[in-house]
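Asker: Let me see the structure of the following:
(one chain, ligands or ions: 2)
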Amino acid sequence: MDKQAIDALLQKFNESATSEGNARVKTVVNRIVRDLFYTIEDLDVTPSEFWSALNYLAEAGQSGELGLLAAGLGFEHFLDARLDEAEASAGLEGGTPRTIEGPLYVAGAPESVGHARLDDGTDPGQTLVMRGRVLDTEGKPLANALVEVWHANHLGNYSYFDKSQPAFNLRRSIRTDEQGNYSFRSVVPVGYSVPPQGKTQALLDLLGRHGHRPAHIHFFVSAPGYRKLTTQINIDGDPYLWDDFAFATRDGLVPEMRKAEGAEGKPYGVEGNFALIDFDFTLLAESTAAPATEVDRLRAAA
Ligand code: MBD
Ligand code: FE
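Answerer: Numbers count the residues shown, from 1 in each chain. Ligands and ions are numbered 1, 2, ... in the order given. A predicted model of the protein is given here:
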């Protein structure tokens, strides 16, 4: 079938509408269906291939892996790249780079002011202290900003999704103090890998790709009057640092991790050697000239 014939067929389908519906949904769905019809035509997709794809999506949904798939196919990074572009066009510059949220945030983590300990002392990972300030683009510290942090344990697993970990292990919400400072004590995370027997890995295999992420720490940083920042920092030296299956590593998000002595960390009660990361977050002032950075997305809450 040529494209004109496909368009004529779709035109007839669309004429079957008997009520107004939703204009935005109609525009987007009609476009996607048309593009998929073209794809089926151009690539001569067989009926069996079509049903296999549909079944694949159904199974990925049933096993809760669609968020993982969105990251692995680069959709999440693409949405970031578009937000970056929109901000640049609006002249919004100088903030900490954003990078993807991923599917493993859990709302409701314990909140504290200034400092938090994220681990409960049972995780055998190397002790980590991370600290810094939340700033505006003029370098002015922002008091009472909220730093939400979450990361994997020494096995690359996240609490809540990994039921062997205590509730909110390695997840906290920290308010900056009067000087705009935050700090936390935790353990150095290890990179995540998609479930090896899952639907995401099955597709990655067919694409000749791996499902590994380099070790990273997630953040939401927010303050009234500023654009919410969704980002991550990476642990330098990870073999997958620039080979992330979710394409989230960015310049500016790989801080140095120093070896520090207990004395340097005394305020946090750390004995002996530990890893130390200094990292400031810079928030852009809120603006209506670019799309909102607060994203509606179904998230777990505990
Ligand atoms: C993660 O930890 C993650 O951050 C992403 C983006 C996907 C899967 C697991
Ligand atoms: Fe993650």
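Asker: Heading C-terminal from the lowest-mean-pLDDT helix or strand in the chain, find the next helix or strand.
Answerer: Least confident helix or strand, the chain: helix 262-265 with a mean of 78, by mean pLDDT, DSSP states H and E. Next helix or strand after helix 262-265 toward the C-terminus (DSSP states H and E): strand 274-278.
Asker: name the helices or strands packed onto that next one?
Answerer: strand 127-136, strand 258-260, helix 262-265 (3 or more C-beta pairs under 8 Å, 6 or more residues apart in numbering; DSSP states H and E). Bear in mind the C-beta positions are built from the backbone N, C-alpha and C, glycine included.
Asker: what about 7 Å?
Answerer: strand 127-136, strand 258-260 (3 or more C-beta pairs under 7 Å, 6 or more residues apart in numbering; DSSP states H and E).
Asker: among these, which is nearest ligand 1?
Answerer: strand 127-136 (16.7 Å; C-beta to the nearest ligand atom).
Asker: how big is the angle separating that closest one from strand 274-278?
Answerer: 10 degrees (axes from the mean of the first three to the mean of the last three C-alpha atoms, to 10 degrees).
Asker: what about the least confident helix or strand of the chain, distance to the chain center?
Answerer: Helix 262-265 has its C-alpha centroid displaced from the chain centroid by 32 Å (C-alpha atoms, centre = their mean, to the nearest Å).
Asker: buried sites along that helix?
Answerer: By 16 or more other C-beta atoms under 10 Å, the buried positions in helix 262-265 come out as residue 265.
Asker: for stretch 293-302, same thing?
Answerer: residue 293.
Asker: does that stretch come close to ligand 1?
Answerer: No - counting by C-beta under 6 Å from any ligand atom, ligand 1 has no neighbours in stretch 293-302; the shortest distance is 12.5 Å.
Asker: how far does that stretch stretch from start to finish?
Answerer: Stretch 293-302 has an end-to-end distance of 23 Å (C-alpha to C-alpha, to the nearest Å).
Asker: right, and residue 254 touches residue 235 too?
Answerer: No - counting by C-beta atoms under 7 Å, residue 254 does not reach residue 235; the two are 8.4 Å apart.
Asker: Now residue 221. Its backbone dihedrals?
Answerer: phi -120, psi 120 (degrees, to the nearest 10).
Asker: ends of stretch 223-235, how far apart?
Answerer: End-to-end for stretch 223-235, by C-alpha to C-alpha: 26 Å.
Asker: end to end, how far does stretch 110-128 reach?
Answerer: Using C-alpha to C-alpha, one end of stretch 110-128 lies 19 Å from the other.
Asker: ok, back up a step: which other residues reach the least confident helix or strand of the chain?
Answerer: Contacts of helix 262-265 with the rest of the structure, by C-beta atoms under 7 Å, 6 or more residues apart in numbering, involve 129, 270-272, 274, 276.
Asker: Buried members of those into ChimeraX, please.
Answerer: Listed next is the ChimeraX selection for buried residues among the contacts of helix 262-265, using 16+ other C-beta under 10 Å:
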select :129,270,274,276
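Asker: Would you mind giving the contacts of helix 262-265 as TSV with distance to ligand 1 and pLDDT added?
Answerer: TSV is the format used below for the contacts of helix 262-265 (distance: C-beta to the nearest ligand atom, whole Å; pLDDT from 0 to 100):
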residue	distance to ligand 1	pLDDT
129	21	96
270	25	89
271	30	84
272	29	87
274	23	94
276	23	96
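Asker: out of the helices and strands packed on strand 274-278, deepest packed?
Answerer: Scoring the helices and strands packed on strand 274-278 by mean neighbour count under mean count of other C-beta atoms under 10 Å gives strand 127-136 as the most buried, with a mean of 22.
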